[in-house]
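> my questions are about this predicted structure, shown below with the sequence.
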Amino acid sequence: LYLRTIQECVVGALLRTTDPIQTVSHFIDNAERFHAAKESWLSGSKLLRKSQEAVCAVDTETTGLNIVDDKVRTVQFSFEDGVSYVALFDLLPADDWTKLFCELRSAGYRLVLQNGKYDSKILYHNNVALGEYEELSIAHVLVDEREGTHNLNFIGQQVLGAGKNTITKEALVGGPIDATFIDYAGRDTDITRRAFRVLENPVKHTVAYKTLTQAAHHLSIGEAKGIKLDVEKLDSLIVEADKKLSEYTKMFEDIGLNPSSPKQVKEMLGMDEKSDKKALESLDTELANAIIDFRGLRKVKSTYLERLKASANVDGRFHPDIRLAGPVTGRTSSGSGNAPDDMLWLPINSQNIPRPAQGQKFKFVSEQLRSELRSLFIADEGRVMLGMDLAAAEMRMAANACMDPVMIDDLNRKVDTHSLLTIMAYNLPYE
C-alpha cells in the first residue's frame, strides 16, 4: 500500500514534467572552494536538524570496481533536494577525509549511501575511514522485498519517477571529469538522498532496519580487511587438479571422446536418457567414473581455485561480499562467482564453499579437493579463526514470536524441530 501510494504520486509527477527531479551539481576542484563549501555544510546542519532533514547522501566515483587496487576519483555529497557537490578526492589528504566524515556526523548529519559497503571498502583501501552510515538499499528491501530491485536506477524510477543519467563505463572510470561526469555523479547522490527520505519513514524505527544498518557497517570493515589465504596450499591444489585433468584429457583423446558432450557420452556408454552425475554413478565403470571426476575437477578449479588464486594475487586475501539486500527470504547471500573473465578478483559465492568431510574416503580426486577448500582460509598471525552457526535459528525466532509452550519445550529439550515438522506433516512415527 505504501509503494502504491508512492507510485500514484509518481504518475502525477510524470504527467506534469518529463523529468520529475532536477539536480544542480557543483564541481569542487580546489581546496579553497572545498573549505568554503564545508563551512556552509556544517553551519547548515543546525537548520536542517530543526526540520529533521539533516540527511547527507554520500557517494564515490572510482577508477574501477577492484576495492583493493582502484582509486577514488571523486566524492559526492547532497544535503538538500536538487543540490549536489562533486569534489576531487585528491584535494584532501586521506586523514582529512576521515575527519570530515566524523565532523558531519558530529554536526548531526546522518550519512546515507547506496551500495555503501562498496564505497566504505574502497575508501578503506584508500586510507579513509567512512565510519557509520545508513543504507538506501536496506530501507528499500524492507518496503519492497523483490529480489533484484534494489539498485539505484530501479529505486529512483519506483520512488521518484526519475532514473540515473547515462555514461559509458570508460568515461566513468578513466575519462575526463567533465560536465557529463559531474552531472551523472551529482544526480546519483541527489536521487539517493531523495529516495531515502521517502523510504525511511516506515522502516527507520524497526528492529530489522537498525540491525541490518549496524550489520552493513561492521561487514564492510571485515570485508575490506579480508581473510588471509594459504597461498602455498592453494598453489598445490591447483597443481594437483591440473595434473589429474591432463591425465583425463589424454585418456579421452585416446578414445575420441568429448566428456562435455552429453550425446557422445551416452553413445559411448550405451546410455538411453541422461548423462548426469547420478546416471553415471549408476554405471560405476572406470570410464563413467573418469567422466564424473573430470567434470568435478573442472568445476572445482574454475569456480573456486582459479578465483581464489586471482584474489590471492591481489593481496593474498579473500574479500567476501555479503549481501544484506539479497534473496526474498531475507537471508544473506554473497557475491556471484559468475564474474567476467577479466574480473576474477570478484568474490565467489562464499556460502557455497563445501564443508570438509571428516574421516571420509574419497572415490574421486575432485571430492578430495572440494573437502580441502575451507582449509585455505587461515587466521592472521596471533589470531584464531572461529566458526559458528546458529542452531534452528528460524524455529527459535518463531517460538519467541508466538510463545507456543510446546514449541518452546521442544527447543529447550533439543528436539530436532525440522525432523519433528516432517514427522507431523507426513504422519510418520518418531524414531
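Perfect, I can see it now. Note that the structure is a prediction, hence the values are computed from the model and not measured. Numbers count the residues shown, from 1 in each chain.

> how about the strands in the stretch 1-150 of the chain?
24-28, 55-62, 72-80, 83-88, 110-113, 134-135 (DSSP state E, counting those that start in this stretch).

> measure the residue lying closest to Leu111 once chain neighbours are set aside to Lys228 for me?
Once flanking residues are discounted, Leu111 sits nearest to Tyr133: 4.3 Å by CB to CB, 6 or more residues apart in numbering. (Glycine included, C-beta is placed from N, CA and C.) According to CB to CB, to the nearest Å, Tyr133 stands 27 Å off from Lys228.

> ditto for His35
Applying CB to CB to His35 and Lys228 gives a distance of 41 Å.

> same check on Thr189?
From Thr189 across to Lys228, the span is 35 Å (CB to CB).

> and what of Leu42?
Distance, Leu42 to Lys228, using CB to CB: 40 Å.

> same thing with Lys278?
Lys278 is 37 Å from Lys228, by CB to CB.

> between those two, which has more neighbouring residues?
More crowded of Lys278 and Lys228, by other CB atoms under 10 Å: Lys228, with 19 against 9.

> show me where the stretch 201-350 of the chain has its helices.
207-225, 231-255, 262-269, 277-283, 286-300, 306-315 (DSSP state H, counting those that start in this stretch).

> for Ala391, find the nearest of the ones you listed.
Proximity to Ala391 (CB to CB) singles out helix 207-225 among the helices of the stretch 201-350 of the chain, at 19.7 Å.

> in the closest one, what's buried?
By neighbour count with 16 or more other CB atoms under 10 Å, helix 207-225 contains the buried residues 209, 212-213, 215-217, 219-220, 223-224.

> so what's the closest residue to Val265 other than its chain neighbours up against?
Of all residues not flanking Val265 in the chain, Ser275 sits nearest, at 4.3 Å (CB to CB, 6+ apart). Neighbouring residues of Ser275 by CB atoms under 8 Å, 6 or more residues apart in numbering: 262, 265-266, 269, 291.

> tabulate those residues (a markdown table), appending distance to Tyr426.
Formatted as a markdown table, the contacts of Ser275 follow (distance: CB to CB, whole Å):
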| residue | distance to Tyr426 |
| --- | --- |
| Pro262 | 35 |
| Val265 | 37 |
| Lys266 | 36 |
| Leu269 | 37 |
| Ile291 | 37 |
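
> pull out the buried members of those residues.
Buried members of those, counted by 16+ other CB under 10 Å: 265, 269, 291.

> so which residues of the stretch 1-150 of the chain form helices?
In the stretch 1-150 of the chain, the helices defined using DSSP H, counting those that start in this stretch lie at 2-16, 31-50, 94-106, 116-124, 136-141.

> and the ones you listed, which one averages the lowest pLDDT?
Ranked by mean pLDDT, the helices of the stretch 1-150 of the chain bottom out at helix 2-16, with a mean of 48.

> the residue nearest to Leu111 against Val112, yeah?
Yes. Using CB atoms under 8 Å, Tyr133 makes contact with Val112 at a distance of 6.7 Å.

> contacts for stretch 204-215 next, please.
Under the contact criterion CB under 8 Å, 6+ apart, stretch 204-215 has outside partners 134-135, 138-139, 142, 203, 324.

> re earlier: which of the helices of the stretch 201-350 of the chain sits closest to Gly156?
Nearest to Gly156, of all the helices of the stretch 201-350 of the chain, is helix 207-225, at 20.1 Å by CB to CB.

> need the contact list for Lys277.
Lys277 makes contacts with 292, 295, as judged by CB under 8 Å, 6+ apart.

> for Pro259, see how far away it is.
Lys277 is 12 Å from Pro259, by CB to CB.

> where does this structure dip in pLDDT?
Across the chain, the ranges flagged by pLDDT under 70 are 1-19, 45-52, 326-330, 336-347, 431.

> can I get the CA coordinates of stretch 194-206 in CSV?
Only the C-alpha atoms of stretch 194-206 are listed here, as CSV (Å, rounded to 0.1, in the frame of the first residue of the first chain):
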residue,chain,number,x,y,z
ARG,A,194,15.5,12.0,-2.0
ALA,A,195,14.6,8.3,-2.2
PHE,A,196,15.9,7.6,1.3
ARG,A,197,13.8,10.5,2.7
VAL,A,198,10.7,8.8,1.3
LEU,A,199,11.6,5.2,2.2
GLU,A,200,12.9,5.8,5.7
ASN,A,201,9.6,6.8,7.3
PRO,A,202,8.0,3.3,7.5
VAL,A,203,11.2,1.5,8.5
LYS,A,204,13.6,3.7,10.4
HIS,A,205,12.3,2.7,13.9
THR,A,206,12.1,-1.0,13.1
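
> what segments of the stretch 301-431 of the chain are strands?
Using DSSP E, counting those that start in this stretch, strands in the stretch 301-431 of the chain cover 317-318, 322-323, 333-334, 377-378.

> neighbouring strands - and their directions - for the second one?
Read that as strand 322-323. Using DSSP bridges, the strands paired with strand 322-323 are strand 333-334 (antiparallel).

> re the thing from before, could you dump the strands of the stretch 301-431 of the chain into CSV with distance to Asn349 and mean neighbour count added?
Putting those into CSV (distance: least, CB to CB, whole Å; neighbours: other CB atoms under 10 Å) gives the following:
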stretch, distance to Asn349, mean neighbour count
strand 317-318, 12, 19
strand 322-323, 10, 19
strand 333-334, 5, 18
strand 377-378, 15, 16
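
> dump the residue contacts of the nearest residue to Phe252 once chain neighbours are set aside.
Of all residues beyond its chain neighbours, the one nearest Phe252 is Pro259 (5.5 Å), with distances taken as CB to CB, 6+ apart. By CB under 8 Å, 6+ apart, Pro259 lies in contact with 248, 252, 265, 290-291, 294-295.
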